[in-house]
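Chemist: quick one: sequence and predicted model below, then my questions.
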Amino acid sequence: MNQDEIKRLLGIKAADYIDPWLQVDAYIGVGTGSTANHFIDALAGVQHRFAGAVASSVASADRLKSHGIRVVELNEVSSLAVYVDGADEINPAFSMIKGGGAALTREKIVASAADQFVCIADSSKWVEQLGAFPLPIEVIPMARSLVARKLVGLGGTPVLRENTRTDNGNEILDVHDLNITDPAHLESQINQIAGVVTNGLFARRGADVLLMDVDGEVRIQKRRGSA
Ligand code: 5RP
């Protein structure tokens, strides 16, 4: 299987995995990216079994709508049982780096509204220590240089992502060379920098469940300590 076929399998298995949460009045949180796209395509087959979806990006909302799946704003729902999304890196504690698709802020918001975060990631995303993938940070454009200097102070090498605006109208700095030994601490530290909207560390609220391929099969793992 090539990587896209694995991502497709992960999307299908994720739709199976969330079956217990599908109810006619339930809304599903949906992530962004090529793996999440396969999940959206798989959801199309069961769309009559849930009320609709909250999307983490305009691109995912458009794809959901193209399948006839109802998309609602987060403000319209009181709860989300489950959020399904990919990752750029995930470690054994199920902390992640996300934001390769520039959707990190809405991803973090929708994820934080959900009871369960189900990560669908092919095995190339598995790492012992986060940080080989440059950490995406969404910044208010007027604060870009200020934030970049502070990130250099934290040991990073920020690079402006060319020709990119987020769905919120902001810019992305991709930060190389960070030594991420304590992801939750660094997540909080970066969030304290004025001008940072969100950083792509998902450690304070990591994944609860991971679907990842092992030898061509999808293995389902729960985070240690999660119900
Ligand atoms: C988008 C993300 C994606 O989940 C991440 O980039 C993984 O993408 P893909 O499934 O295409 O490998 O965080 O902002």
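Modeler: Arrived safely. Numbering: from 1, shown residues only.
Chemist: quick one: secondary structure of residue 111?
Modeler: Following DSSP: H, G, I helix; E, B strand; the rest coil, the label given to residue 111 is helix.
Chemist: in terms of secondary structure, what does the lengthiest helix in the chain contact?
Modeler: Counting residues, the longest helix in the chain under DSSP state H turns out to be helix 3-17. Secondary-structure packing of helix 3-17 (3 or more C-beta pairs under 8 Å, 6 or more residues apart in numbering; DSSP states H and E): helix 34-43, strand 114-120, strand 209-214, strand 217-222. From N, CA and C alone the C-beta is placed, and that goes for glycine too.
Chemist: which strands or helices does whatever helix or strand comes next after that helix pack on?
Modeler: Downstream of helix 3-17, the next assigned helix or strand under DSSP states H and E is strand 27-30. Where contact means 3+ C-beta pairs under 8 Å, 6+ apart, strand 27-30 is packed against helix 34-43, strand 52-55, strand 80-85, helix 104-112.
Chemist: re earlier: tabulate the helices and strands packed on helix 3-17 (a markdown table), appending distance to the ligand and mean pLDDT.
Modeler: Shown next, in a markdown table, are the helices and strands packed on helix 3-17 (distance: least, C-beta to the nearest ligand atom, whole Å; pLDDT from 0 to 100):
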| stretch | distance to the ligand | mean pLDDT |
| --- | --- | --- |
| helix 34-43 | 3 | 98 |
| strand 114-120 | 8 | 97 |
| strand 209-214 | 12 | 97 |
| strand 217-222 | 15 | 97 |
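Chemist: and of the ones you listed, who's closest to residue 126?
Modeler: strand 209-214 (6.6 Å; C-beta to C-beta).
Chemist: could you list the buried residues of that closest one?
Modeler: 209, 210, 211, 212, 213 (16 or more other C-beta atoms under 10 Å).
Chemist: so the fourth one versus residue 86, what's the distance?
Modeler: The gap separating residue 212 from residue 86 is 11 Å, by C-beta to C-beta, to the nearest Å.
Chemist: with residue 168 instead?
Modeler: Residue 168 is 20 Å from residue 86, by C-beta to C-beta.
Chemist: of those two, who's got more company?
Modeler: residue 86 (28 against 13; other C-beta atoms under 10 Å).
Chemist: distance-wise, check the more buried one relative to the ligand.
Modeler: Counting by C-beta to the nearest ligand atom, to the nearest Å, the gap from residue 86 to the ligand is 3 Å.
Chemist: so which residues on this protein come close to the ligand?
Modeler: Contact residues (C-beta under 6 Å from any ligand atom) of the chain with the ligand: 31-36, 85-88, 98-104, 107.
Chemist: just the buried residues out of those, in PyMOL syntax.
Modeler: Burial among the residues of the chain next to the ligand is assessed by 16+ other C-beta under 10 Å; the matching PyMOL selection reads:
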select buried, resi 31+32+33+35+36+85+86+87+88+98+99+100+101+102+103+104+107
